[in-house]
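Visitor: would you be able to build a 3D model of this:
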Amino acid sequence: MTREFIDFVLAHQDEDTARLLLSAARYPSIDMPLAVQQIEGRRTAREKWPSLPGCEGFLYPPRLNREQASSEATALHKASLYFRQTADSNGGTLRIADLTGGMGIDSFALAGWGAEEEMKVEVDYVERDQELCRLAQSNAQALGLTNIRFHCADSLEWLQRQERRFDLLFVDPARRDKQGRKVAAFEDCQPDIVAHRALLMSKSEKMMVKASPMIDITLGADQLHNVADIYIVAVHGECKEVLFLCGPGGGEPSIHCHNLHHGEWQDFVFTRREEAEAQPTYASGVGKYLYEPHAALMKAGPFKFLSQVEKVDKLAPNTHLYTSDSFLSHFPGRIFSVVGETTPSRKEVLKWLPDRRAHVVTRNFPMAAAELQKQLGLKEGGDIFVVATTLGREKRLLLCTQEQTVHFLHGK
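Guide: Prediction:
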């Protein structure tokens, strides 16, 4: 990548890329499709990998590979989860293999985190796509990461040839079928880690598997075997990843619900047994405050245990909202102040909302939020949230304002 090419990308990074492609003849010395790919990659990086735009020599792969790559926040979080467990237990060099290297973001995070923690870490990046592998190797050099080895190979064939065991295998199977449609089940992904589980575990002390946010976590744990921990990772209200950490031993895995909120990782931990044995309390009515669990909790489902631990009343057995009269700033999710309550009637709602603006949320309600918003004659906006839910056998609308609080790490 020449200085002229870099300067062109930097000078045109905010321009319309479609127009740039049409004007390619004006810049005969510039590979315009590649330049546009870099410009669009840099735009994605501003949100997804905020540290990368400062590295001028970083080359971005095509759009699909960028979409499939981990974000910077989740990649660093995965690295921290692993190194947090091994920092005091291994005084030698940690050997890690990323068997589905792709864009390389997870490999870079694992290699960089070890260096920052002054741990000896060697990462083997394995990717069968030759161009992706070439880009990742170039980018590692641009980032100054010298502890990554690059292998353009089929990951399972490469692994079978390795004589030494690894401390960690990281696997993020491709979650698209031959028609390009998204899939979630392990057996539909490539590589099929369930079919090759014996090989994978014979070559490593631990294995971290990144799965689709849509996966059935109970089924996934049963298929992988020896799962010690399950991490459900949400960022700003959206579930992004499910991670299975497999290792020696057995027993019931701990389920960690992690949510990135205002720069802090919230952590709520439970087991399936704790959820089964939990004794929740149910509300006879709605208190001053309403609580909605964050996306990782909604995925994991510790709904009874959450009531017991957080000392909040559940609205109903199938309504995953909670209430209290006291303000609990540490609750892991959104907190609302309840300012009113009414029936699902347009006439009644508009008494509260003369400007016809609100944010509509539905939980255990026989209508989608967009449909209800239309039925009530509301437009998106304003400071009021209309939370539609079920109280006992009644359908109710709760009018709320959201509390602006800073949540801290929280667990059992």
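Visitor: for residue 302, give me phi and psi.
Guide: phi -80, psi 50 (degrees, to the nearest 10).
Visitor: correct me if wrong: it contacts residue 254.
Guide: No: using Cβ atoms under 8 Å as the test, residue 302 is too far from residue 254 to be in contact (11.4 Å). C-beta coordinates here come from the backbone N, C-alpha and C atoms, glycine included.
Visitor: quick check: neighbours shared by the two?
Guide: Among the neighbours of residue 302, those also in contact with residue 254 (Cβ atoms under 8 Å, 6 or more residues apart in numbering) are residue 270.
Visitor: quick one, which of those two is more surrounded?
Guide: When residue 302 and residue 254 are compared on other Cβ atoms under 10 Å, the one with more neighbours turns out to be residue 302, at 22 against 18.
Visitor: for residue 101, give its distance to residue 190.
Guide: Counting by Cβ to Cβ, to the nearest Å, the gap from residue 101 to residue 190 is 14 Å.
Visitor: okay, and the helix or strand of this structure with the least pLDDT?
Guide: helix 105-116 (a mean of 85; mean pLDDT, DSSP states H and E).
Visitor: ok so, going back, who's more crowded, residue 101 and residue 190?
Guide: Neighbours were counted for residue 101 and for residue 190 using other Cβ under 10 Å; residue 101 has more, 28 against 15.
Visitor: show me the contacts for the closest residue to that one other than its chain neighbours.
Guide: Nearest residue to residue 101, sequence neighbours excluded (Cβ to Cβ, 6 or more residues apart in numbering): residue 127, at 3.7 Å. Residue 127 is in contact with 100-102, 133, 136, 150-152, 155, counting by Cβ under 8 Å, 6+ apart.
Visitor: just checking, which of those belong to helices?
Guide: Among those, the residues falling in helices (DSSP state H) are 133, 136, 155.
Visitor: wait, the second one touches residue 104, no?
Guide: Yes: the pair residue 136 / residue 104 is scored as a contact, 3.5 Å apart, by Cβ under 8 Å.
Visitor: related to what we said a few turns ago, and the residue nearest to residue 101, bridged to which residues?
Guide: Beta-bridge partners for residue 127, by DSSP bridges, are residue 152.
Visitor: what kind of secondary structure is residue 92 in?
Guide: coil (DSSP: H, G, I helix; E, B strand; the rest coil).
Visitor: and if you look at the one 3 residues further on?
Guide: Three states are possible here, and by three-state DSSP the one that applies to residue 95 is strand.
Visitor: try residue 81
Guide: Per three-state DSSP, residue 81 ends up helix.
Visitor: give the contact list for the residue nearest the centre of the chain.
Guide: In the chain, the centroid-proximal residue (Cα atoms, centre = their mean) is residue 240; its distance is 2.3 Å. The contact partners of residue 240, by Cβ under 8 Å, 6+ apart, come to 71, 74, 213, 233-234.
Visitor: are we agreed that it is in a helix?
Guide: No: looking at residue 240 with three-state DSSP, it is strand, so not inside a helix.
Visitor: how much space separates it from residue 131?
Guide: For residue 240, the distance to residue 131 - Cβ to Cβ - is 26 Å.
Visitor: run a quick neighbour tally on residue 100.
Guide: What residue 100 shows, counting by other Cβ under 10 Å, is a neighbour count of 23.
Visitor: would you agree it is in contact with residue 169?
Guide: No: checked against Cβ under 8 Å, the pair residue 100 and residue 169 is beyond contact range at 10.1 Å.
Visitor: how about low-confidence regions in the stretch 151-300 of the chain?
Guide: Residues of the stretch 151-300 of the chain meeting the criterion pLDDT under 70: 175-184, 249-250.
Visitor: brilliant, that's me finished.
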